[in-house]
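K.L.:
Okay, here's the prediction I keep looking at, along with the sequence it came from:
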Amino acid sequence: FRFFSSTANSESMRISSAGLVGIGTSSPSAPLHIDTNTADANNPFINFDNNDGNIGQVRMTSSGDFGFRANTGGTGQMFFQVNGSTEAMRILADGKVSIGTTAANQKLNIFDSSNSQMNFYTSGTGTAVGDGFRVGFNGTVGQLYLFEDADFRIATNDVERFRIKSNGNVAINTTDPKEK
């Protein structure tokens with residue numbers, strides 16, 4: 001099937017014999033293929049408009065960046081749901097990210113009803129519960145927890161000030177402590 005613009009008498013959409021839909025292209029190569037050749041050709045997008053002035057977009061920039069945009073109207077927030085309708089994460093209009101809650105008072109907020117943890121891993125640490133480095137709050141204690149056989153250090157002004165060696169020795173203003 002082909003659809004034509006009534007004003008320009010040119011093809012605007014096509015459904016191929018394979019069931020591929022092309023908008024702005026006569027040879028779609030995916031289930032939905034959108035090719036723009038409008039004044040905004042370098043930044044194609046799809047609008048979702050609920051007729052209340054709230055518009056969301058899926059867009060690509062001329063540099064190849066791909067993103068989602070909560071546009072005019074509404075609160076300008078973006079949310080991600082799992083398990084049907086359970087909200088897992090929200091990005092607020094001011095850029096704050098909220099995981100496990102819809103409220104956010106800092107740039108990154110992580111909420112769990114009893115154990116809010118964040119783990120960092122590398123290809124050499126593994127990804128199990130007892131691997132890597134953990135920052136969090138377990139409901140009773142705030143913690144920095146290094147699971148690996150490695151040193152832990154703290155620096156200010158780009159200078160290391162404090163180090164705990166993997167053997168438990170503590171150093172202040174040196175990187176090689178001799179005692180615990």
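P.N.:
Now that the structure is in, tell me what you want to look at.
K.L.:
Every contact and neighbour count from this point should use C-alpha atoms.
P.N.:
Noted.
K.L.:
For this structure, give me the ranges with low pLDDT.
P.N.:
1-3, 5-8, 37-44, 53, 71-74, 180 (pLDDT under 70).
K.L.:
ok, now which ones touch Ala150?
P.N.:
When contacts are counted by Cα atoms under 8 Å, 6 or more residues apart in numbering, Ala150 touches 165-166.
K.L.:
I should have written Asp158 there, sorry.
P.N.:
If you count contacts by Cα under 8 Å, 6+ apart, Asp158 has none.
K.L.:
Start and end of stretch 64-79, how far apart?
P.N.:
Taking Cα to Cα, to the nearest Å, the first and last residues of stretch 64-79 lie 23 Å apart.
K.L.:
Likewise for stretch 141-159?
P.N.:
Terminal residues of stretch 141-159 are spaced 28 Å apart (Cα to Cα).
K.L.:
buried set for it?
P.N.:
146, 152 (16 or more other Cα atoms under 10 Å).
K.L.:
One more: stretch 19-34?
P.N.:
Buried residues in stretch 19-34, counted by 16+ other Cα under 10 Å: 21-26, 28, 33-34.
K.L.:
do the same with stretch 77-85
P.N.:
Using 16+ other Cα under 10 Å as the test for burial, stretch 77-85 gives 77-78.
K.L.:
Phe45 pairs with what?
P.N.:
Arg59 (DSSP bridges).
K.L.:
next one: the one 10 residues further on
P.N.:
Using DSSP bridges, the beta-bridge partners of Ile55 come out as Asp49.
K.L.:
quick one: it from Ser10, how far?
P.N.:
28 Å.
K.L.:
What of Ser26?
P.N.:
In terms of Cα to Cα, Ser26 sits 11 Å off from Ser10.
K.L.:
And Glu148, by the same measure?
P.N.:
According to Cα to Cα, Glu148 stands 64 Å off from Ser10.
K.L.:
Who is Phe68 paired with across the strands?
P.N.:
Val58.
K.L.:
where's it relative to Asp94, distance?
P.N.:
Distance of Phe68 to Asp94, given as Cα to Cα: 15 Å.
K.L.:
more crowded one of these two?
P.N.:
Between Phe68 and Asp94, Phe68 has the larger neighbour count (other Cα atoms under 10 Å), namely 13 against 10.
K.L.:
And stretch 165-177, end to end?
P.N.:
End to end - Cα to Cα - stretch 165-177 spans 8 Å.
K.L.:
Need the contact partners of that stretch.
P.N.:
Residues outside stretch 165-177 that contact it (Cα under 8 Å, 6+ apart) are 149-152, 160-164, 178-180.
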